[in-house]
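Engineer: Any chance you could fold what I've pasted below:
(one chain, ligands or ions: 1)
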Amino acid sequence: MVKMEINLSSIGMEKGRQYETIITTNNENGSKNAAPIGVICAGENKIINRIFKGSHTLENIIREREFTVNITHDAELFTVSTLGNLPQNYFNENVSLKCADAYFKCKVISLTEAIKQSDPIKKKGEAIVIKSEVTELIINNPVHAMNRGFGYVIESLANLTRFDLVNDSKKEEYIIRFKECYRVVLKVGNIDDIKAMNEIKKELMKKGYDL
Ligand SMILES: Cc1cc2nc3c(=O)[nH]c(=O)nc-3n(C[C@H](O)[C@H](O)[C@H](O)COP(=O)(O)O)c2cc1C
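Structural biologist: Next up is the predicted model:
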């Protein structure tokens, strides 16, 4: 375990990009809670979350004004904490996850009611945007925070290689999937992911599709 000088770039986080993490908090009854939540890097030691009302995570953050962001690539951990409650023996006393490759502690700076127009979920007043300062960063293993961009690039490339081999209705399906992948990569991917998606877009346009 290494206690680091606080700079989110040391866990691969770039300003303006979104990463998938597991946020852990204290419940009011003294138990601990974990949920996958997106984290936007807003600088060396600042992050932004948008959390929908109704989650335990949001209630706990509003009450305690602090939380822990865990960095992991463990699919099971993401799944169990999405579909149910992570057992209490997964947590350290300080609320971080025992198997996190890294974690950082955050203190809330501001809470704002907000919606984002580009998002598929647009109902006003359903989410809270939380700006926080990172107060401590612990790295257990060298790790880059999980970013969804690269997976979408690979998925879009794989579909592109199959494009000329499939029938028209499958082609239409690939185009719809590409548009969604492109939307997400523009939102969360790094500069290389975005460049790659623009190259794939050009190839699909050469095939006569209006993207
Ligand atoms: C990869 C991933 C990212 C997620 N990001 C967010 C997010 O940024 N904001 C949010 O409100 N919910 C997000 N969710 C959904 C929450 O994890 C989900 O609503 C969860 O059940 C909340 O649990 P809780 O009630 O224990 O807080 C995400 C889910 C996944 C799988």
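
Engineer: Please make it C-alpha for all contacts and neighbour counts, starting now.
Structural biologist: Noted.

Engineer: which residues of the chain fall in strands?
Structural biologist: Listed in chain order, the strands of the chain (DSSP state E) span 2-4, 18-26, 32-41, 46-52, 66-71, 102-114, 127-139.

Engineer: What mean pLDDT does the shortest one get?
Structural biologist: This points to strand 2-4. Averaged across strand 2-4, pLDDT comes to 70.

Engineer: if we can go back for a sec, determine which of the strands of the chain approaches residue 85 most closely.
Structural biologist: The closest of the strands of the chain to residue 85 is strand 32-41. By CA to CA, the value is 7.1 Å.

Engineer: Tell me the strands beside that closest one, with direction?
Structural biologist: strand 18-26 (antiparallel), strand 46-52 (antiparallel) (DSSP bridges).

Engineer: Look at residue 161 and say how many residues are nearby.
Structural biologist: 9 (other CA atoms under 10 Å).

Engineer: just residue 36 next, same as before
Structural biologist: Counted with other CA under 10 Å, the neighbours of residue 36 add up to 19.

Engineer: re the thing from before, Throw the strands of the chain into a markdown table and include distance to residue 153, thanks.
Structural biologist: Listed next are these as a markdown table, based on distance: least, CA to CA, whole Å:
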| stretch | distance to residue 153 |
| --- | --- |
| strand 2-4 | 32 |
| strand 18-26 | 16 |
| strand 32-41 | 19 |
| strand 46-52 | 24 |
| strand 66-71 | 22 |
| strand 102-114 | 25 |
| strand 127-139 | 28 |
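
Engineer: distance of the residue of the chain positioned farthest from its centre from the ligand?
Structural biologist: Here the chain reaches farthest from its C-alpha mean at residue 167, the gap being 34.3 Å by CA atoms, centre = their mean. Per CA to the nearest ligand atom, to the nearest Å, residue 167 is found 32 Å from the ligand.

Engineer: Any stretches of this structure with poor pLDDT?
Structural biologist: Low-confidence segments of the chain (pLDDT under 70): 1-2, 115-125.

Engineer: Any residues of it in contact with the ligand? List them.
Structural biologist: 20, 33-38, 50-52, 55-57, 82 (CA under 6 Å from any ligand atom).

Engineer: Just the buried residues of these.
Structural biologist: When those are checked for burial by 16 or more other CA atoms under 10 Å, the buried set is 20, 33, 34, 35, 36, 37, 38, 50, 51, 52, 56, 57.
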